[in-house]
Structure formats: structure tokens, C-alpha cells
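Novice: Quick check, what structure comes out for this input:
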Amino acid sequence: MKKRLLGALFALASSFVAHQALAADGGTIYFGLSGEPSTLDSTINAGTPARTIRLAIHRGLVNYGPDGKLSQELAETYDVSADALTYTFKLRDAKFHDGSPVTAEDVKASIERITAEGSKATYRSELGVIKSVETPDAKTVKLTLAKPFVPLIHYLALPESAIVPAAWIKEHGTDPNATPVGAGPFKFANWERGRELTVEKFDGYYKQGKPHLDDVHYVFYGDENTRVNALKSGDVDIIDYVPWKDAASIEADSELQLASTTGPFMMLQFNTKFEPFSKSEVRQAISYAIDRAAIINTAFNGRGTPLFGIAIPEGYMGYSKEKANYFSHNVEKAKELLAKAGYPNGFEARLLATAQYGFHNNTAIAVQAELAKVGIKVNLDLPDWSGRIAKNNAGDYDLLVAGTAGDIADADWLSNFYYGGEQLVRLNNSAHFNDAVINDLLDQGRVTLDAGEREKIYGQFVDRALEQSPFVHLMWRDQSFGLRKHVKGFTNIPGFLTFQSGITIENTEVQ
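Specialist: Residues are numbered from 1 along each chain as shown. So this is what the prediction gives:
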């Protein structure tokens, strides 16, 4: 009886201790990233690893939350005038990592740093619609626009619109290697180049009870196999960019979990400056010729969904089920269009991809095989990633493989891909695509306040974009994080916003 009572008491105590361990804050996470950032400059989109780290350090007026919806962060409230020309933000009580309060002057300095003439900020063009930034008091910011810009709040939610101290900007604003100071849940601690970057808990974070972790070590693994093995061995607790070939083994491992979403997409981009890809019939023919299932199975181990139209997610403006299936696989239709364009016997073309990433390489191989069926001989150009980027920027390709996603949860993400001429500032338009009708429709979509009218505009855009086909959208791909089972609270944000999932490190705990 005594032994049984002692056993019961021990079990009760163990249960209590276990519960306390689950609830207690603290601990360290090792986060395996697929690359090392070139910079932590808060205004530059330097890739997903850089964003993941910066979303631990910084916050904006608003950001995208774990559910993919806009979340008020440094702005406690905001109002938009009826004519959409004035945005008024009321700031919450918050501090930067240097102990200084977040004020309207810091917001003003941060926005004006982005919009300044000569700025290299990724979203300078979008935020450039802001005509003036006024600071009626320390907690109020008033943005006045030169014209309505419906998606503005979404661009303010991006990591590259983070708010940093005005004093820091004055001293370090032109130095891409300066130690970052933000108002996020973690503060910069150390960067061991070539190995890892460490952030530490910021006790002055404005969200009570967060973050839960003491520190996070972001460890750099350029090789995907090494990254996966580090997760399986327990050297790291989370990894990004789980290779599709390894997803099933992670799912089957009792110590691991796979957090997946479908949102990024694969596509082909044409250099439309020269024949044959200057002809829309040829571009359409390529879209009809390719069996998407072959790419999904060859390059992504079946983890993806075919895309037969434009990569517009269901629920976004411009989406329709009929148009989403516009280019269903049809080899005879492809041959007919090639003949109409003057290429009844096909032609030869150079496809740019990269040997560095298996899914790019394998996508190129699958496309090569598919196009051979309609008489197009594809020669593969497979440099390393930096070489691929250089050739892309220089327009040194006939067509290329790209993997990407929309930046924002608004239809204006299309502008970054379809705007022609000088308006396309980030992708530099090495494809030389420029269609006046598309440019005009995208401009209308940005300034039209009525949601019903805006929906019609994007419907017209889709019709024109399908007709012109400057891209072949191939598939939605699964994008996954791998986590050890003791990690809780880290979320893979849905759809396009998966690459901003690093913001959920503020909710992450270890058991």
C-alpha cells in the first residue's frame, strides 16, 4: 500500500514537472537555413534566409501574421481616408533594442530612407507614391499619397518596410553591413560569417510574454543533404527548404514533423526580344506542349499541383476556374500554333537553369523532354546559382526556369512580373516584355477603389496575359519546413507568404 501511494505521488509529481516544463519559457533553437544572407539591410530583399532572420529582429507598422492576414504591429491602429490619399497611424508603446522608444520620427525616417532618390530599397517604387510623411505628435504618423494606391498597406507589411531608429539611420543608414537595431522579439547578438548568426531574446518586446525562447542560432547549410541530415541527427531543430525528395522520410520519422504549404510556383520566362519567342503564338505553343505532371513527378517527387493558367491563387482578384485551366496539355494544339508562327518543324533554343539546385535542374530536364515531342530541340545551360543570376540579369538566355511567389496578399503582386519597360524595376525586364494594354490595366488596378470594378480590371488583365503569355506557369509547388517534434508554435504561413514564416519565431517554444 505504501509503495502504491509513493508511486502515485511520484507519478503526480512527474506529471506536474512535465506540465511545468511544457509551459516554461526559455531554451535555444538551432535553425538550419538554406543560405547565408549577403546583407541584413532592412530595406533590401536579399532572399528568404535574410528575411527569416530579419523577421526575428524587426517589425513594421503592420506585418503579415501566422494566418497570412495583416497584423497591426508597431501601429496600434490606422485609418484610411475615403479618397485613399491619407493614411493615419497611431503608434503603440514599443522600444527598440537600444532602449529608445519607437516614435513617429523613427517611422518618418524609415519611410523616407526607402523612398529617397537614389535609394536601393527593394520597394522604393511602390512606397514612392507617398508624397509626404507628417508627424503631428510622437505617436501619430500621417502619410499623404500623390494618388490612390490600393495595395499600399500590403507593401508596408513586408519585411523590407521595417521601422528602425532615426538615430541609427543617421549613423549607419548607408552601411549594408551595419549591426541591425530593430523593435522585434529578438536582438542581434553575433554573426560568425560562413557558419551561423545568433539572436537573443529582447526583454523589452511590446508583446507581453513573448518571445518564449532565450536565443536562436541560424546555422547556414548551402548543401540540402547536409541540412536534412542535421535535422535528422538533432544538430538543428528546424530547417527551411526541405528538399522534395526528403519530405516523405521526414513525415515518416517519429521524431520529426513536416510543415508544408502550397504557394510558390515554377515557371518558364521567355526572352521576347528575338524570334522565335517574340511571337506570342510560340509562347502559347510551349504552354500547351508541356505535360505538367511530368515536371511534378520528375523534379518534385509528386509534391505539387499543375498550373494551366496564371499563378493566381483561388480567392485572389483575377482568379477564375475556367481561366485557371486555359492551357491544358495539348500537343496537337502546340504543333498547330508553331506552324502558324512559321515553325512547322520546330527550332533550337537555349534553356537557362542551374545545376546547383536539383529541382531547377530536374525541371529543365523535364521541359527539354516535353518540348522535344513538338520538334523543339532544347540545349540546357546549367551554371551555378550566381552564374544563373548573372545571365538572367543580362538577358543571356532564350528561356529560363524560375521558382518564385507573389510578394503580397493582393493582386498587385502581378505588377512585379508583367509591367513592361522602365516600370519593371526589380526583375529588370531582361525578358524585354512590354505590353501597353497590360501596363494600363495594372495601373488601373492600383488606383481603383471599388472592389467590384477592381475585380473586373484583373479579369481583363488575365485575358490579355493569357493571350500574350510572357511566362509559362508550370505548377504550384509544396514548400516545407522540417521540425523536430519538441518544437511548437512555429508556423508555415499559407500560400505566397510562406517565405515570411520567420515572423512566427516569436511564438516558437521548445518542450
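Novice: What is the neighbour count of the nearest residue to residue 486 once chain neighbours are set aside?
Specialist: Nearest non-adjacent residue to residue 486, counting by Cβ to Cβ, 6 or more residues apart in numbering: residue 511, 4.5 Å away. To be clear about C-beta, it is placed using only N, CA and C from the backbone, and glycine gets the same treatment. If you count neighbours by other Cβ atoms under 10 Å, residue 511 ends up with 13.
Novice: Make sure residue 511 is actually in contact with residue 483.
Specialist: No. Counting by Cβ atoms under 8 Å, residue 483 is not a contact partner of residue 511; they are 11.8 Å apart.
Novice: Would you confirm that residue 341 contacts residue 279?
Specialist: Yes. The pair residue 341 / residue 279 is scored as a contact, 4.7 Å apart, by Cβ under 8 Å.
Novice: which residues of the stretch 301-450 of the chain fall in helices?
Specialist: 321-324, 331-340, 358-372, 385-394, 415-418, 436-447 (DSSP state H, counting those that start in this stretch).
Novice: tell me the mean pLDDT for the fifth one?
Specialist: Which is helix 415-418. Helix 415-418 carries an average pLDDT of 90.
Novice: which other helices and strands contact that helix?
Specialist: On a contact count with 3 or more Cβ pairs under 8 Å, 6 or more residues apart in numbering; DSSP states H and E, helix 415-418 meets helix 436-447.
Novice: pretty sure residue 245 contacts residue 301?
Specialist: Yes. Counting by Cβ under 8 Å, residue 301 is a contact partner of residue 245 at 5.4 Å.
Novice: Low-confidence regions, the stretch 351-500 of the chain specifically.
Specialist: 421-428 (pLDDT under 70).
Novice: pull the CA atoms of the helix or strand where residue 191 lies into CSV?
Specialist: Residue 191 is part of strand 186-192, with elements assigned from DSSP states H and E. Provided in CSV are the C-alpha atoms of strand 186-192 (Å, rounded to 0.1, in the frame of the first residue of the first chain):
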residue,chain,number,x,y,z
PHE,A,186,15.0,39.2,-30.7
LYS,A,187,18.1,41.4,-30.9
PHE,A,188,21.2,40.8,-32.9
ALA,A,189,24.0,39.1,-30.9
ASN,A,190,26.7,37.7,-33.2
TRP,A,191,27.4,36.8,-36.8
GLU,A,192,30.1,34.1,-37.4
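Novice: buried ones in it?
Specialist: 186-188, 191 (16 or more other Cβ atoms under 10 Å).
Novice: And for stretch 203-211?
Specialist: Result for stretch 203-211 [16+ other Cβ under 10 Å]: buried residues 205-206, 210-211.
Novice: residue boundaries of the helices in the stretch 51-200 of the chain?
Specialist: Going by DSSP H, counting those that start in this stretch, the stretch 51-200 of the chain shows helices at 104-115, 124-127, 152-156, 166-172.
Novice: same question for the first one, mean pLDDT?
Specialist: Which is helix 104-115. Mean predicted confidence for helix 104-115 is 99.
Novice: Pretty sure residue 239 sits against residue 225.
Specialist: No. Using Cβ under 8 Å, residue 239 is not in contact with residue 225; the gap is 11.4 Å.
Novice: the more surrounded of the two?
Specialist: Remark: of residue 239 and residue 225, residue 239 carries more neighbours, 29 against 12, as counted by other Cβ under 10 Å.
Novice: Using CSV, lay out the helices of the stretch 51-200 of the chain together with distance to residue 400 and mean neighbour count.
Specialist: Output for the helices of the stretch 51-200 of the chain, formatted as CSV (distance: least, Cβ to Cβ, whole Å; neighbours: other Cβ atoms under 10 Å):
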stretch, distance to residue 400, mean neighbour count
helix 104-115, 29, 20
helix 124-127, 23, 22
helix 152-156, 27, 21
helix 166-172, 36, 16
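Novice: Adding distance to residue 408, write these out as a markdown table.
Specialist: Shown next, in a markdown table, are the helices of the stretch 51-200 of the chain (distance: least, Cβ to Cβ, whole Å):
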| stretch | distance to residue 408 |
| --- | --- |
| helix 104-115 | 16 |
| helix 124-127 | 9 |
| helix 152-156 | 4 |
| helix 166-172 | 24 |
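Novice: Can you tell me what sits against the strand holding residue 191?
Specialist: 40, 56-57, 97, 179-181, 197-202, 211, 213, 215-216, 505 (Cβ atoms under 8 Å, 6 or more residues apart in numbering).
Novice: so how far is it from its chain's centroid?
Specialist: Centroid separation for strand 186-192 versus its chain: 23 Å, with Cα atoms, centre = their mean, to the nearest Å.
Novice: Ok, stretch 251-263 next?
Specialist: 20 Å.
Novice: got it, and stretch 113-132?
Specialist: 20 Å.
Novice: Domain map for this protein?
Specialist: 28-32+180-261+478-510, 60-170, 264-477 (automatic domain parsing).
Novice: For residue 49, find the nearest of the ones you listed.
Specialist: domain 28-32+180-261+478-510 (7.3 Å; Cβ to Cβ).
Novice: So for the closest one, first residue to last residue, what's the gap.
Specialist: 8 Å (Cα to Cα, to the nearest Å).
Novice: Can you tell me which of the buried residues of stretch 203-211 lies closest to residue 52?
Specialist: Nearest to residue 52 among those: residue 211, at 14.6 Å, using Cβ to Cβ.
Novice: which ones are touching the closest one?
Specialist: 185-186, 201-202, 205, 505-508.
Novice: 7 Å - rerun?
Specialist: Going by Cβ atoms under 7 Å, 6 or more residues apart in numbering, residue 211 touches 185-186, 201, 205, 505-506.
Novice: What about the closest residue to it other than its chain neighbours, how many residues nearby?
Specialist: Distances taken as Cβ to Cβ, 6+ apart place residue 185 nearest to residue 211, at 3.9 Å, with adjacent residues excluded. A count of nearby residues for residue 185, using other Cβ under 10 Å, gives 27.
Novice: quick one: residue 185 and residue 506 touch, right?
Specialist: Yes. Applying Cβ atoms under 7 Å as the test, residue 185 and residue 506 come out as touching, 4.1 Å apart.
Novice: Find residues that contact each of these two.
Specialist: Counting by Cβ under 7 Å, 6+ apart, the residues touching both residue 185 and residue 506 are 210-211.
Novice: Can you list the neighbours in contact with the helix or strand hosting residue 288?
Specialist: Secondary structure assigned from DSSP H and E places residue 288 in helix 280-289. Helix 280-289 has contacts (Cβ under 7 Å, 6+ apart) with 268, 270, 276-277, 327, 330-331, 333-334, 337-338, 340-341, 343, 370-371, 373-374, 467-470, 472.
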